[in-house]
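*Asks:* Okay, here's the prediction I keep looking at, along with the sequence it came from:
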Amino acid sequence: MLTLGIDSGSTTTKGVLFDGEKIVKSLIVPTSASPKQSINYVYDQLYCDDVVYTVATGYGRELLDRADKKVTEITCHAQGAGFLDPEIRAIVDIGGQDSKAILLDNNLNVVDFLMNDKCAAGTGRFIEVMMRILGEDLQNIDNFVVGKTPANITSMCTVFAETEIVSLLAEGADKGDIALGIINSICRRTSFFAKRLNLYGKIFFTGGLANFEIFRKTLEGYVGLPVVTSPHSQYAGALGAAVIGWRKCGATK
Amino acid sequence: MELIKTLPDIYEEFSEQRRNSFMAAFEMKEKNIPFVGTFCTYTPTEVIMAAGAVPVSLCSTSDETIPDAEQDLPRNLCPLIKSSYGFAKTQKCPYFYFADLIVGETTCDGKKKMYEMLGAMKDVYTMELPNRQSLMGRKLWREEVVALKEKLEEKFGVEITEEKLREQVKLMNKNRLSLRRFYELMKLDPPPMAGFNLFSVLYGSNFKFNRWEAIKEVDALTDRLLKEYEEGARPISKKPRILVTGCPIGGGAMKVVKAIEDNGANVVCYENCGGAKSVDELINEDAEDIYQAIADRYLNIGCSVMTPDNNRLNLMGRLLEEYKIDAVVEVVLQACHTYNVESYSIKKFVTERGIPYMAIETDYSTSDIGQLNTRCAAFIEML
């Protein structure tokens, strides 16, 4: 017996098959221009006869008619991250088009949350745009910034920051320095935002950027609290959806 | 024979009342009945009515006229101010067109500067509203009420006797009691109507120019809802009970109420303008100094332009208990500094009572509907 959780994010669509104890199978595909196609593709790839309940989450959650339930990404991230590490008391998620901070109580229930959903600043989109200007692959970012001195990026806005980077490049600044400056900028902004909640205890870092050690380390430096992540952190939303599904269908271990 | 209307038809009628009263206003103008345009719940409407004029709320809740307003006003300004000015400038608000006089107050900075600009288009009279409910404030505001009376007497060539004034005070108290009795139906659990409809009625009844008729209609609706409820009608299911506070809503900002109710909760109480804030307190009809009584009642309104704004907290505390509120949603219109800053103390006040709180900063556009739905759904899942 399995449950299926699908997280339709703005950049990627993630799916997780869950057996009540662990992730049995997972899948990640680009959301591209057709979130409906992507969410249905992930469903078709992962669905099997053992699946008793499907929960959809993420901004495209309404696009999967075959889901038994739709739950917001806030609740799902909390459940997924809390499943991966029950010691955590907050979640910082840097998503493709928004970022969020979620505060949990001792029982891993959501008690407060904030969303930055008005602006690309401080989101995955920001770093994507910047890396494109630098002509570098985001996947190599950890190696790319080793031993670099962060350039000072002051613009809050994605569009203005782009101009700022073009000027820095014109002045002959080192690309690695600029990249590290961008990482500092996004992590500093995210920490100011998250600190509006009364953070305490361990913070779980989710979203695509959590795969890179440099982001985790920089964020931890700014927040001043331990920031942890997991190899499955990008699947936190999908996993949370599957965990909620597991509880919904009354399944017990 | 008058057909018995269905409840949805009645709600629809109230929500369309502003539009449906355009013709009534036109006909009254033909009979030389003057109109006085207002923007805010601080306006002592009794004084206007005692002058034989009709007070009417001017249009201010649609983003339709904002691009025109932004030709003259900064973009980074509250949508309510921009919309109000835009409606005036483009003459798209028939009530502005019909108004012989506009009465404003020195509430927030944005509004009072906007009133100066409106003065170029109409006769605008701005009352000086004090920023605190102190002894000095009460004295000043009383004088301002008297000065408004004199302005109206001069403008319309009438005499406002104390008798006429007391008569209107009594009428408006009746109106308040009637509205209060209506919205207090929401204390029932589950409530007898959706919060969206509750607001339509509160808002729409303002645009009935015959106050007695308006009271009768609201009373009839209250009686009917109560009777049907007692007979077992439950049009709304039991869900988390939300109190809405913050900036004035209506029009474009009703998207927040819709997002709350579409995502699994019931709005059962409006603390903001248009709801309890502007209706709750009565004027002391028997006061020896009726001007002071009027002044006191209006000055007591707990708007964030007041410092400190303890009356808002007092009313909020009472409503949280009386309506058995599960969570509070604050609506802050973009660039409304006073409500935005005050949201810090409101959050503290509400969460100290163990009640979850969420603030939403928004405008009149539809651009953030998707995000609004996610926020409201996540907040309600949390309850």
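*Replies:* Great, that's in hand.
*Asks:* does A:T13 count as helix, strand or coil?
*Replies:* Put simply, A:T13 is strand when judged by DSSP: H, G, I helix; E, B strand; the rest coil.
*Asks:* check contacts around it.
*Replies:* Residues in contact with A:T13 (CB atoms under 8 Å, 6 or more residues apart in numbering or on different chains) are A:6-7, A:28-31, A:35, A:38-39, A:41-42, A:58, A:60. To be clear about C-beta, it is placed using only N, CA and C from the backbone, and glycine gets the same treatment.
*Asks:* With distance to B:S365 added, can I get the residues you listed in JSON lines?
*Replies:* Converted to JSON lines, these look like this (distance: CB to CB, whole Å):
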{"residue": "A:I6", "distance to B:S365": "30"}
{"residue": "A:D7", "distance to B:S365": "28"}
{"residue": "A:I28", "distance to B:S365": "34"}
{"residue": "A:V29", "distance to B:S365": "32"}
{"residue": "A:P30", "distance to B:S365": "30"}
{"residue": "A:T31", "distance to B:S365": "25"}
{"residue": "A:P35", "distance to B:S365": "23"}
{"residue": "A:S38", "distance to B:S365": "28"}
{"residue": "A:I39", "distance to B:S365": "27"}
{"residue": "A:Y41", "distance to B:S365": "33"}
{"residue": "A:V42", "distance to B:S365": "33"}
{"residue": "A:G58", "distance to B:S365": "24"}
{"residue": "A:G60", "distance to B:S365": "22"}
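*Asks:* excluding its backbone neighbours, what's nearest the residue in the stretch 51-200 of chain B that chain A sits nearest to?
*Replies:* Going by CB to the nearest CB, chain A is nearest to B:N76 of the stretch 51-200 of chain B, at 13.6 Å. Spatial nearest neighbour of B:N76, chain neighbours left out: B:A335 (5.5 Å); criterion: CB to CB, 6 or more residues apart in numbering or on different chains.
*Asks:* what residues are up against the residue in the stretch 1-150 of chain A positioned nearest to chain B?
*Replies:* Using CB to the nearest CB, the closest approach of the stretch 1-150 of chain A to chain B is made by A:I74 at 3.5 Å. Contact partners of A:I74, counting by CB under 8 Å, 6+ apart, are A:100, A:102, A:110, A:113, A:115, B:374, B:378, B:381-382.
*Asks:* So which of those residues are in helices?
*Replies:* B:374, B:378, B:381-382 (DSSP state H).
*Asks:* Can you name the next helix or strand after the helix or strand containing the residue of the stretch 1-150 of chain A closest to chain B?
*Replies:* For A:I74, the host element (DSSP states H and E) is helix A:73-84. Counting by DSSP H and E, the next helix or strand C-terminal to helix A:73-84 is strand A:88-94.
*Asks:* strands paired with that following strand, and their directions?
*Replies:* Sheet pairing of strand A:88-94 (DSSP bridges) gives strand A:99-104 (antiparallel), strand A:202-206 (parallel).
*Asks:* what does chain B put close to chain A?
*Replies:* B:356, B:368, B:370-371, B:374-375, B:377-379, B:381-382 (CB under 8 Å from any CB of the partner chain).
*Asks:* List only those of those flagged as buried.
*Replies:* Taking 16 or more other CB atoms under 10 Å in any protein chain shown as the criterion, what is buried in the residues of chain B next to chain A is B:356, B:368, B:371, B:374-375, B:377-379, B:381-382.
*Asks:* Most neighbours among the contacts of A:T13, please name it.
*Replies:* Among these, A:D7 has the most neighbours (other CB atoms under 10 Å in any protein chain shown), with 33 neighbours.
*Asks:* got a list of contacts for stretch A:206-220?
*Replies:* A:11-12, A:77, A:80-81, A:91-96, A:99, A:124, A:127, A:141-142, A:145, A:180, A:183-184, A:186-187, A:190-191, A:205, A:226-229, A:233-234, A:236-237.
*Asks:* List only buried entries from these.
*Replies:* By 16+ other CB under 10 Å, the contacts of stretch A:206-220 give A:11-12, A:77, A:80-81, A:91-96, A:99, A:124, A:127, A:141, A:145, A:180, A:183-184, A:186-187, A:190-191, A:205, A:227-229, A:233-234, A:236-237 as buried.
*Asks:* Let me see the domain layout of chain A.
*Replies:* Per automatic domain parsing, the structural domains of chain A span A:1-85+A:233-253, A:87-229.
*Asks:* Buried deepest among those domains, which one?
*Replies:* domain A:1-85+A:233-253 (a mean of 21; mean count of other CB atoms under 10 Å in any protein chain shown).
*Asks:* Excluding chain neighbours, what is closest to the residue of the stretch 251-383 of chain B found nearest chain A?
*Replies:* For the stretch 251-383 of chain B, the residue closest to chain A is B:A378, as judged by CB to the nearest CB, at 3.5 Å. Once flanking residues are discounted, B:A378 sits nearest to A:I74: 3.5 Å by CB to CB, 6+ apart.
*Asks:* For B:E159, give me its contacts.
*Replies:* Going by CB under 8 Å, 6+ apart, B:E159 touches B:E153.
*Asks:* Is it in a helix, a strand, or coil?
*Replies:* Per three-state DSSP, B:E159 ends up coil.
*Asks:* so how far is B:E150 from it?
*Replies:* According to CB to CB, to the nearest Å, B:E159 stands 11 Å off from B:E150.
*Asks:* for A:T158, same thing?
*Replies:* The value you get for A:T158 to B:E150, if CB to CB is used, is 56 Å.
*Asks:* of all the contacts of A:T13, which comes closest to B:I242?
*Replies:* Using CB to CB, A:G58 comes nearest to B:I242 of the contacts of A:T13, at 24.7 Å.
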